[in-house]
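Engineer: Make a model of this:
(one chain, ligands or ions: 1)
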Amino acid sequence: MLRIGILTSGGDCQALNAAMRGVVKGIYSRCDDVEIYGFQEGYKGLIYSNFKMLTSRDFSGILTVGGTILGTSRQPFKLMRVPDENGLDKVEAMKHTYHKLNLNCLVILGGNGTHKTANLLREEGLNVITLPKTIDNDLWGTDMTFGFQSAVDIATDTIDKIHTTATSHNRVFIIEIMGHKVGWVALHAAIAGGADIVLLPEIPYDMDVIVDAINRRKESGKRFTIIAAAEGAVSKKDAKLSKKELKEKQAKRKYPSVAYELAEKVQKRTDQEVRIAVPGHTQRGGSPCPYDRVLSTRLGSAAAEAILDGNYGNMVAIKNDKIVLVPLAEVAGKLKYVDPHSDIIKEAKLTGISFGDK
Ligand code: F6P
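Structural biologist: So this is what the prediction gives:
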């Protein structure tokens with residue numbers, strides 16, 4: 001008898017269900033004697049022993065369904081060692097649930113924070129296999145996370161749609177794209193959507209350069225400008241602040257988010273009308289794109305194989321189109337940033353996209 005616990009943790013994204021379906025189908029193709037415990041709302045379900053017994057039927061018909069059939073929640077890693085309001089030790093509680101149910105392993109689908117906790121559980125002696133989910137594509141150790149391509153499709157579609165209005169009205173449009181720490185979605189959507197300026201957390205911007213790019217477009221007869229700004233886009237000046245100082249400054253700012261701040265600055269310094277579009281959580285919503293369905297199915301079925309072979313303590317990743325196992329100890333706590341000196345940035349710059357840096 002194989003007893004598998006499964007949970008989805010952190011922000012949702014497309015293809016979580018597709019990935020779980022891949023795991024379960026892969027397991028059942030080699031083993032019938034299985035019990036699946038689906039923990040509700042991420043680590044919360046494991047902490048408070050809140051689970052549903054699932055069968056292969058529960059994972060049927062969900063390949064194209066967005067969200068997660070298990071529900072999810074954010075349980076910050078830094079609070080895992082802090083007892084809950086009733087004094088419960090969360091780590092001990094998770095271990096207790098695991099042992100009480102006599103699980104052989106836990107399959108955990110999540111992003112960066114989730115991986116830190118998954119690694120902690122591994123260190124505490126639990127058998128853990130993880131799958132890389134996040135629209136941000138910022139998990140170290142994998143070329144790609146599922147959710148990313150679907151989010152890029154949606155962000156690109158927003159840019160495409162805004163393009164027509166921007167052109168009709170000769171406006172500057174600022175489209176705010178998800179990504180507080182890394183700018184992968186903004187970068188890809190900006191290239192795919194033909195944005196004129198893209199602002200990433202990894203490449204601090206200079207307002208003079210942005211204004212200059214807008215004015216140069218106008219002088220050349222192009223009276224509209226599309227700016228794709230990642231949520232975490234930061235000015236050169238602010239980039240010099242410490243993490244704490246920047247957080248304090250942002251907490252005090254009068255704007256709800258970066259797009260509003262940029263809009264005010266652009267409005268003051270150009271004579272063009274400025275508008276904002278914030279696609280927000282639409283970027284995590286709806287059905288996964290075909291690429292994500294394929295990727296998550298491959299990762300899920302490879303996870304099944306790792307479980308059946310007893311290869312625990314790993315994240316199932318994709319590298320150079322090969323599915324590989326990466327030790328959790330290597331993954332936990334590292335982010336995969338956009339490299340400002342990488343080929344994709346150079347190529348984007350050659351096509352005339354400004355990154356607001358020079
Ligand atoms: O990590 C995924 C992500 O969508 C980020 O891109 C975004 O900044 C954040 O989550 C939003 O989080 P929440 O859903 O908690 O508002």
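Engineer: Next up, identify which helix or strand L7 is on.
Structural biologist: strand 2-8 (DSSP states H and E).
Engineer: buried ones in that strand?
Structural biologist: Residues 2, 4-8 are the ones in strand 2-8 that count as buried (16 or more other CB atoms under 10 Å). All C-beta atoms are positioned from the backbone trio N, CA, C, and that covers glycine.
Engineer: Enumerate the residues of the stretch 1-150 of the chain near the ligand.
Structural biologist: By CB under 6 Å from any ligand atom, the residues of the stretch 1-150 of the chain that approach the ligand are 11, 74, 111, 134-136.
Engineer: Pick out the residue in the stretch 1-150 of the chain sitting closest to the ligand.
Structural biologist: In the stretch 1-150 of the chain, the residue found nearest to the ligand is G11; the distance is 3.9 Å by CB to the nearest ligand atom.
Engineer: That residue - that's part of a helix, no?
Structural biologist: No: per DSSP: H, G, I helix; E, B strand; the rest coil, G11 lies outside any helix segment and is coil.
Engineer: Distance-wise, check the nearest residue to it once chain neighbours are set aside relative to the ligand.
Structural biologist: Excluding the flanking residues, the one nearest G11 by CB to CB, 6 or more residues apart in numbering is R284, at 6.5 Å. With distances taken as CB to the nearest ligand atom, to the nearest Å, R284 is found 5 Å from the ligand.
Engineer: Can you give me the neighbour number for R284?
Structural biologist: By the measure other CB atoms under 10 Å, the count of residues near R284 is 20.
Engineer: what sits against it?
Structural biologist: Counting by CB atoms under 8 Å, 6 or more residues apart in numbering, R284 touches 11-14, 135, 147, 151, 178.
Engineer: what's the closest non-adjacent residue to L262?
Structural biologist: The shortest distance from L262 to any non-neighbouring residue, by CB to CB, 6+ apart, is to I174 (5.3 Å).
Engineer: Rounded mean pLDDT for the host helix or strand of the one you found, please.
Structural biologist: Element membership of I174, judged by DSSP H and E, is strand 172-177. Mean pLDDT, strand 172-177: 98.
Engineer: Which elements pack onto that strand?
Structural biologist: helix 148-169, helix 184-193, strand 225-230, helix 258-269, strand 274-277 (3 or more CB pairs under 8 Å, 6 or more residues apart in numbering; DSSP states H and E).
Engineer: neighbours of the residue of the stretch 51-200 of the chain found nearest the ligand, just the number please.
Structural biologist: For the stretch 51-200 of the chain and the ligand, the shortest gap (CB to the nearest ligand atom) falls at M178, measuring 3.4 Å. Here the number of neighbours of M178 (other CB under 10 Å) works out to 26.
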